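Enquirer: prediction below, plus the sequence it came from.
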Amino acid sequence: NIDFRAGRFAAAIQHYEQELRIDPRDVEVWFNLGLAVIQAGTPQDAVRCYEQAIQIKPDYVAAQNNLARLLAVLPPAMGGDADRALALAQRVCEFTHQGVAAYVDTLAIAYATAGRFDDAVAAAQTAIELSRAAGQQQWVKEIEARQELFRTGHTYRQFTGPSEPPHRQPDMRH
């Protein structure tokens, strides 16, 4: 969506909401609406979007990952849920055999939110190694910074959406 890419999040949100009036079961539109509301500054509203996408398509790994990340970084008063975040992140990583750096990074964040800092450091290290292997140096630096927080017993409380604009998600089934 051109509006999203240009930073016009309100227009993108309006566009996705219009698409959902036409087809309320379009999981990619729910996913992209979640991304747009995060970028518009209301990440807690994205929880509903990702939950809806997962309700429609229970094996939608990208939506599960984004929901896990949100639940891990949002404070409880805004809908954060450390236990649910950890369960979702573990499920995503099991499903993808801990082979996707972004998903393992979410697992690290969820471990830290749950107070399991040693596990968070270890998961972050795995995410760093996966990012290095993929030549994603920017991700390496970002994850290393989070890993340092975990080493010192701190959680990570920012939701940074994906570095790419929204797009149609591939079917993640194996």
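Expert: Yep, it's here.
Enquirer: drop to CA atoms for contacts and neighbour counts, all remaining ones
Expert: OK.
Enquirer: which SS class is Q158?
Expert: Each residue gets one of three states, and Q158 gets coil by DSSP: H, G, I helix; E, B strand; the rest coil.
Enquirer: how many neighbouring residues does A102 have?
Expert: Using other CA atoms under 10 Å, A102 has 22 other residues around it.
Enquirer: tell me who's in contact with it.
Expert: In this structure, A102 makes contact with A127, judged by CA atoms under 8 Å, 6 or more residues apart in numbering.
Enquirer: any idea how far it lies from R8?
Expert: Look at A102 and R8: by CA to CA, to the nearest Å, they are 25 Å apart.
Enquirer: same thing with Q136?
Expert: Taking CA to CA as the criterion, Q136 is separated from R8 by 27 Å.
Enquirer: also R84?
Expert: When R84 is compared with R8 (using CA to CA), they lie 32 Å apart.
Enquirer: can you show me the CA trace of stretch 40-60 as PDB?
Expert: Included here for stretch 40-60 are C-alpha records, laid out as PDB according to Å, rounded to 0.1, in the frame of the first residue of the first chain:
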ATOM      1  CA  ALA A  40       0.700   5.200  13.800                       C
ATOM      2  CA  GLY A  41       1.600   5.000  17.500                       C
ATOM      3  CA  THR A  42      -1.000   2.600  18.900                       C
ATOM      4  CA  PRO A  43       0.600  -0.800  19.200                       C
ATOM      5  CA  GLN A  44      -2.000  -2.000  21.700                       C
ATOM      6  CA  ASP A  45      -4.600  -1.800  18.900                       C
ATOM      7  CA  ALA A  46      -2.500  -4.200  16.900                       C
ATOM      8  CA  VAL A  47      -3.000  -6.900  19.400                       C
ATOM      9  CA  ARG A  48      -6.700  -7.200  18.200                       C
ATOM     10  CA  CYS A  49      -5.500  -7.300  14.600                       C
ATOM     11  CA  TYR A  50      -3.000 -10.100  15.100                       C
ATOM     12  CA  GLU A  51      -5.500 -12.000  17.300                       C
ATOM     13  CA  GLN A  52      -8.100 -11.800  14.500                       C
ATOM     14  CA  ALA A  53      -5.600 -12.900  11.900                       C
ATOM     15  CA  ILE A  54      -4.600 -15.900  14.000                       C
ATOM     16  CA  GLN A  55      -8.300 -16.800  14.700                       C
ATOM     17  CA  ILE A  56      -8.900 -16.900  11.000                       C
ATOM     18  CA  LYS A  57      -5.600 -18.700  10.200                       C
ATOM     19  CA  PRO A  58      -4.200 -20.400  13.300                       C
ATOM     20  CA  ASP A  59      -0.900 -21.400  11.700                       C
ATOM     21  CA  TYR A  60      -0.100 -17.800  10.600                       C
END
